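Undergrad: Structure of the sequence below:
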Amino acid sequence: KELGGEVSEIKILKDDFQIIKKNIEEVLEKSDMLVLSGGSSAGEKDMTVTILEELEGAKILAHGLAIKPGKPTIVAKANNKLIIGLPGHPVSAIVVFKVLVEKWIKEQFYDNEQSEIVVKGKITENIKSAEGKETYHMVKHENHQDGYAVIPVYGKSGAIGLLMNSDGYVKTSVSDEGVLKGELVDVNLLK
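TA: This next block holds a predicted model:
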């Protein structure tokens, strides 16, 4: 809604193959895109990819991205509509939504008119990147006399407290080893 779209419906479904498949088919009949959360990893109850593979005309474009958090993300297409399977962990889901779904919506429907809110600040300690992955480090920023101090916030991607204690993220690329204390960084605010 904040991006200007209309959310046709939000559902919480049981981990039941037929129920999930039926609901996906119904949503694809009436919506421009489908965003799922959970069921994208490799556990016993993670059946989203299998369901999508069974949909007529569906194509899995990616299952697993070189990002952290958010690796088990699914990107698919069916009925010429985008399907995103967000990871189930809250931090992973928010990060993937911001960097993938929100970006796509802005490019498709707004010609990228809406931009992210980014502030610059100095990181207060070294942070290490995940090897071979684009890494999103959760942070909070504080206004100090000499500019913003950017403070890393640590925790697991499944911990809602990590989101509650953060107000943005710092992104490092696949080739970065991390960020050194005192470096000037861009903080993408979560709003």
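Undergrad: what does stretch 42-60 rub up against?
TA: For stretch 42-60, the external contacting residues (CB atoms under 8 Å, 6 or more residues apart in numbering) are 15, 17, 20-21, 24-25, 28, 36, 38-40, 63, 72, 74-79, 83, 85. C-beta here means a position set from N, CA and C on the backbone, and glycine is covered the same way.
Undergrad: at 6 Å what do you get?
TA: Applying CB atoms under 6 Å, 6 or more residues apart in numbering, the external contacts of stretch 42-60 come out as 15, 17, 20-21, 36, 39-40, 63, 74, 76-78, 85.
Undergrad: isn't T73 right next to G64, touching?
TA: No - counting by CB atoms under 6 Å, T73 does not reach G64; the two are 7.1 Å apart.
Undergrad: Looking at these two, which one has more neighbours?
TA: Each of T73 and G64 has its neighbours counted (other CB atoms under 10 Å); T73 has more, 25 against 15.
Undergrad: Could you list which residues are in contact with the more buried one?
TA: Counted by CB under 6 Å, 6+ apart, T73 has contacts L65, V96.
Undergrad: how far away is it from L36?
TA: Computed as CB to CB, to the nearest Å, the T73 to L36 distance reads 10 Å.
Undergrad: try K122
TA: Between K122 and L36 the computed distance is 38 Å (CB to CB).
Undergrad: What of M164?
TA: Separation of M164 from L36 (CB to CB) stands at 24 Å.
Undergrad: next one: phi and psi at E25?
TA: Main-chain dihedrals, E25, degrees, to the nearest 10: phi -60, psi -40.
Undergrad: no no, L36
TA: phi -110, psi 150.
Undergrad: Backbone dihedrals for the closest residue to F97 other than its chain neighbours, please?
TA: In space, and not counting its chain neighbours, F97 is closest to L86: 6.3 Å by CB to CB, 6 or more residues apart in numbering. The phi/psi pair for L86 (degrees, to the nearest 10) reads phi -70, psi 150.
Undergrad: quick one: L86 and K98 touch, right?
TA: No - here L86 lies out of contact with K98, judged by CB under 6 Å, at a distance of 10.8 Å.
Undergrad: Looking at the two, which is more packed in?
TA: It is L86, of L86 and K98, that has more neighbours when counted by other CB under 10 Å, with 25 against 19.
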